[in-house]
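Novice: What follows is a predicted structure for the sequence shown.
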Amino acid sequence: MDDEEEREKKRVNLADDPSNRAMVQRNIHHLLLDMRLEILSRLPITSLIYFKTTSHAGYDLIADSRLPPMFHNRVSDSNPCLILFDYNFPDFGPSQLYFVDSEGCSRRVRKIDPPQHSEVYNPVGSCNGLLCLSFSLIGGSSVSHSLLIYNPFVGDAVRVPPANRFLNQLEVFGFGFHPRTRQFKVVRIVYYEKIMTVVDPAVDVEEVDEEFATVYESMVQVFTVGTTEWKNKGALPPQLADEIGPPEALVEGSLHWLTVVGMAGVDPIFGIISFDLADEVFEEIPHPPCQRLVSRGYNLSVLNGCLSAAGLVDAVHFDIWVMKQYRFKESWEKQFSFDPYFRSGWPSLRFPKVICAMKNGKILLQYNYSALVSYDPVENRFKTLQKSGLPNSFQALPFLPSLFSAKATMNLQL
């Protein structure tokens, strides 16, 4: 009994000790803080930003360095959100970016303010929570672009140094990250005019005036984020000699384009070309083993981390192929085939573009740059996504939001 009483006295003395009380209070404070951070990491990004901008306590919590990696781990396992780019310029107003939160309850589309004021800008691409934008700069006889890489929810940006300009140039950009080198890179493809002197070898040069001809050439340049200069990689390969648009898919650290390799009557036959961001070389990727890649609505995308190719086969079949093992032709698998004319009275919505795969197995499609539609392959049903404030015409980009700043993201081992 005496031993028990002695132990009880020691416990009372420990509880009365101010230093022990302070330690207990600190532990409780840290426990409550950890619980708050865990709860915040599960909220949609729009709720976090609202909390941050409307409360001093919320600002301090979201500024905690432990929250960004917690949020990153959760959002990696959730449905991708969407960045929408408004195509109304120049007829109806300036360019505008929007954000659609696929995880939150909000049915509203939210506007995003770019970090640089300009009426004309375009999204280059998104990767690891970062968005690359090109801002048009008109000067002389050509248009050049200023490039920024930024996190639209943190607000900081990294400026890409300007590249050299050419006569009457036309620029195309790509943006991505390679997991092996752990580097972000911007790819620039520029088409430009070159004035050549034309001389007839059968005529004495001193007796005639010089004649000139305009030829069109291309140049590929690569900028590694964190460096200061663009690297010249020479001209485009013959498969991409004609003018191309921005890359359509980033898979395994490589950017991918569709390119025309032939014609079948009036329809083009497509091939797939990639640019490896680590080795900085172009490569031809095996296409799906269908009879031919012929379609006015053919497009590339990324489904569950794999390269996907999709397009109309005939009037009532839209096929989606997935390359299960990258660069292996035998790994192409036709996963979905459906009639894209899902709603009568919408004759313009006949060329769907695959945007991304959802965690519930549905596929998100965009029709005619205007409607977002989910396709359920199990039920073979379509559902139009109703969002207030959706622009009339837009480009949709999958986007995984992040709380890391742009500069911090570029230093992470993602």
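Specialist: Structure's in. What do you need? Because the structure is predicted, anything quoted here is derived from the model rather than measured.
Novice: for the record, mean pLDDT for stretch 220-227?
Specialist: Stretch 220-227 shows a mean pLDDT of 92.
Novice: Check stretch 303-312 too.
Specialist: pLDDT averaged over stretch 303-312 gives 90.
Novice: Which positions within that stretch qualify as buried?
Specialist: Buried residues in stretch 303-312, counted by 16 or more other C-beta atoms under 10 Å: 303, 306-312. All C-beta spots, glycine's among them, are computed from the backbone N, C-alpha and C.
Novice: now do stretch 154-166
Specialist: Neighbour-count burial for stretch 154-166 flags 154, 157-158, 160, 163, 166 (criterion: 16+ other C-beta under 10 Å).
Novice: can you give me the strands in the stretch 51-200 of the chain?
Specialist: For the stretch 51-200 of the chain, strands defined by DSSP state E, counting those that start in this stretch occupy the ranges 81-86, 97-100, 110-112, 121-127, 130-139, 142-150, 157-160, 170-178, 183-198.
Novice: Turn those into JSON lines, including mean pLDDT.
Specialist: Rendered in JSON lines, the data for the strands of the stretch 51-200 of the chain read as follows (pLDDT from 0 to 100):
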{"stretch": "strand 81-86", "mean pLDDT": "88"}
{"stretch": "strand 97-100", "mean pLDDT": "87"}
{"stretch": "strand 110-112", "mean pLDDT": "84"}
{"stretch": "strand 121-127", "mean pLDDT": "87"}
{"stretch": "strand 130-139", "mean pLDDT": "78"}
{"stretch": "strand 142-150", "mean pLDDT": "76"}
{"stretch": "strand 157-160", "mean pLDDT": "88"}
{"stretch": "strand 170-178", "mean pLDDT": "91"}
{"stretch": "strand 183-198", "mean pLDDT": "82"}
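Novice: Among these, which comes closest to residue 340?
Specialist: Closest of the strands of the stretch 51-200 of the chain to residue 340 is strand 81-86, at 20.2 Å (criterion: C-beta to C-beta).
Novice: ok now the closest one, how far from the chain's centre?
Specialist: The gap between where strand 81-86 is centred and where its chain is centred comes out at 10 Å by C-alpha atoms, centre = their mean, to the nearest Å.
Novice: what's the answer for stretch 227-246, then?
Specialist: 20 Å.
Novice: sorry, back to before: now for the buried residues of stretch 303-312, which pair is the farthest apart?
Specialist: 306 and 312 (21.0 Å).
Novice: got the buried residues for stretch 179-193?
Specialist: By 16+ other C-beta under 10 Å, the buried positions in stretch 179-193 come out as 183-192.
Novice: for stretch 275-288, same thing?
Specialist: Residues of stretch 275-288 classed as buried by neighbour count (16+ other C-beta under 10 Å): 275, 277, 282, 285, 287-288.
Novice: would you list those residues in TSV and tack on secondary structure and pLDDT?
Specialist: Shown next, in TSV, are the buried residues of stretch 275-288 (DSSP: H, G, I helix; E, B strand; the rest coil; pLDDT from 0 to 100):
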residue	secondary structure	pLDDT
275	strand	95
277	coil	96
282	strand	93
285	strand	92
287	coil	86
288	coil	88
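Novice: what's the closest non-adjacent residue to residue 136?
Specialist: In space, residue 136 comes closest to residue 120 once its chain neighbours are excluded; the distance is 4.0 Å by C-beta to C-beta, 6 or more residues apart in numbering.
Novice: Neighbours of that neighbour, how many?
Specialist: When neighbours are defined as other C-beta atoms under 10 Å, residue 120 has 15 of them.
Novice: Got the confidence number for it?
Specialist: With respect to pLDDT, residue 120 has a value of 72.
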